[in-house]
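Visitor: Only the shape, not the letters, is given here:
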């Protein structure tokens with residue numbers, strides 16, 4: 001009886017080993033084996049995925065590409081043009097003419113509600129530029145002001161009054177700017193509209209006028225939206241690089257975001273989960289340290305992978321990528337931590353928001369799992385034999 005049981009156990013163990021070598025997918029695992037990930041680009045259902053064996057050159061290129069993302073290069077710099085009036089703006093017109101033969105005398109203005117100082121100066125009431133884009137000036141009629149600079153409006157009024165007033169001199173003042181503003185919202189003390197000025201308005205000034213950010217600088221990112229294009233940079237990076245304190249344009253929307261960046265870690269590691277990191281970024285070595293490193297009992301050091309959607313122009317691809325998702329290439333970066341040189345690579349490789357880090361199981365782990373199953377069957381028979389139940 002005992003020999004028969006031993007033969008059954010032996011056959012079961014041999015069958016299990018055969019099953020392991022031929023059908024590894026029947027063995028429980030936290031994710032795909034190393035070979036499955038490496039073969040992904042050749043798999044018909046996954047064709048188009050790029051696999052990159054990361055070296056120091058690639059890591060450095062990605063780091064430079066990440067550091068090259070600048071507001072100053074992404075957005076066209078706003079030209080410091082004169083202010084152009086638009087509907088909703090409030091203007092005030094001042095008219096001066098030379099005495100003694102003046103048009104704007106108290107007698108001429110009687111009944112109009114206007115009054116002259118008697119010294120040749122007339123101050124008109126403040127006027128809101130209507131939807132028609134005009135303002136009204138006595139003896140000049142309606143003056144089109146929409147899209148014009150203050151000096152152009154002054155010239156138009158002067159030409160209308162020439163021949164009526166005695167050497168008229170005109171000054172137009174912008175009382176209130178209601179049309180050309182920059183909007184700042186998000187994690188700032190006061191969400192508001194900041195009026196544009198002739199000298200231009202820079203990014204940090206807008207943030208300062210809004211009362212500054214309400215969250216720690218190192219955990220705050222600044223997003224600028226302009227003409228359908230959006231870009232985000234850490235506030236800390238803007239403070240370090242004055243060229244990113246760009247001049248804003250009318251209609252820009254600045255958003256201060258307290259949105260901790262994060263990566264997801266899975267597989268044979270110390271801790272699976274989503275891990276937040278600072279807005280100024282971390283490298284792969286730091287990321288692995290934050291998840292407790294690789295599991296000594298399970299992990300394959302040659303099977304460390306990072307999954308990311310990469311811009312099509314971020315790397316010198318051996319062949320032009322065929323699959324693009326929103327202009328980006330689905331890419332798997334492979335790191336062989338059995339090679340000591342890879343630790344230098346890990347210190348240079350930047351981790352980005354929404355990256356996924358996966359560490360596969362070592363091949364021996366599958367064998368150990370099978371042996372555990374075999375042992376769980378054989379051990380009860382050995383126990384029964386030791387107690388004399390089976391003889």
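Guide: Nice, thanks for sending it over. Note that the coordinates shown come from a computational prediction; the quantities given were computed from them, not determined experimentally. Numbering: from 1, shown residues only.
Visitor: Kindly state the beta-bridge partners for the residue nearest the centre of the chain.
Guide: Centroid check for the chain by C-alpha atoms, centre = their mean gives residue 232 as the closest residue, at 3.6 Å. Residue 232 forms beta bridges with residue 223, as assigned by DSSP bridges.
Visitor: ok, which stretches of the stretch 251-391 of the chain are helices?
Guide: Remark: helices assigned in the stretch 251-391 of the chain by DSSP state H, counting those that start in this stretch are 284-290, 342-348, 363-386.
Visitor: before we move on, back to that, if I pick the residue nearest to the centre of the chain, what's in contact with it?
Guide: Residues in contact with residue 232 (C-beta atoms under 8 Å, 6 or more residues apart in numbering) are 221, 222, 223, 224, 257. The C-beta positions use only the backbone N, C-alpha and C, and glycine is treated the same way.
Visitor: is it possible to export those residues to JSON lines including neighbour count?
Guide: Shown next, in JSON lines, are those (neighbours: other C-beta atoms under 10 Å):
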{"residue": "221", "neighbour count": "25"}
{"residue": "222", "neighbour count": "26"}
{"residue": "223", "neighbour count": "16"}
{"residue": "224", "neighbour count": "22"}
{"residue": "257", "neighbour count": "18"}
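Visitor: of those, closest to residue 297?
Guide: Distances from residue 297 to the contacts of residue 232, taken as C-beta to C-beta, are shortest for residue 221 (38.5 Å).
Visitor: still on that earlier bit, state the distance from the residue nearest to the centre of the chain to residue 186.
Guide: Computed as C-beta to C-beta, to the nearest Å, the residue 232 to residue 186 distance reads 11 Å.
Visitor: swap in residue 100?
Guide: 61 Å.
Visitor: Compare the two and say which one has the larger neighbour count.
Guide: Neighbours per residue (other C-beta atoms under 10 Å) separate residue 100 from residue 186, with residue 186 holding more: 20 against 7.
Visitor: ok, that one touching residue 259?
Guide: No. With contact defined as C-beta atoms under 8 Å, residue 186 does not count as touching residue 259 (9.4 Å).
Visitor: Wasn't residue 58 part of a strand?
Guide: No. Assessed with DSSP: H, G, I helix; E, B strand; the rest coil, residue 58 is helix; it does not lie in a strand.
Visitor: Report the contact partners of it.
Guide: Counted by C-beta under 8 Å, 6+ apart, residue 58 has contacts 52, 315, 333.
Visitor: Check pLDDT for those and point me to the minimum.
Guide: Here the lowest pLDDT out of the contacts of residue 58 sits on residue 315, with 83.
Visitor: Residues in contact with both of residue 232 and residue 186, list them for me.
Guide: Contacts common to residue 232 and residue 186, judged by C-beta under 8 Å, 6+ apart, are 223, 257.
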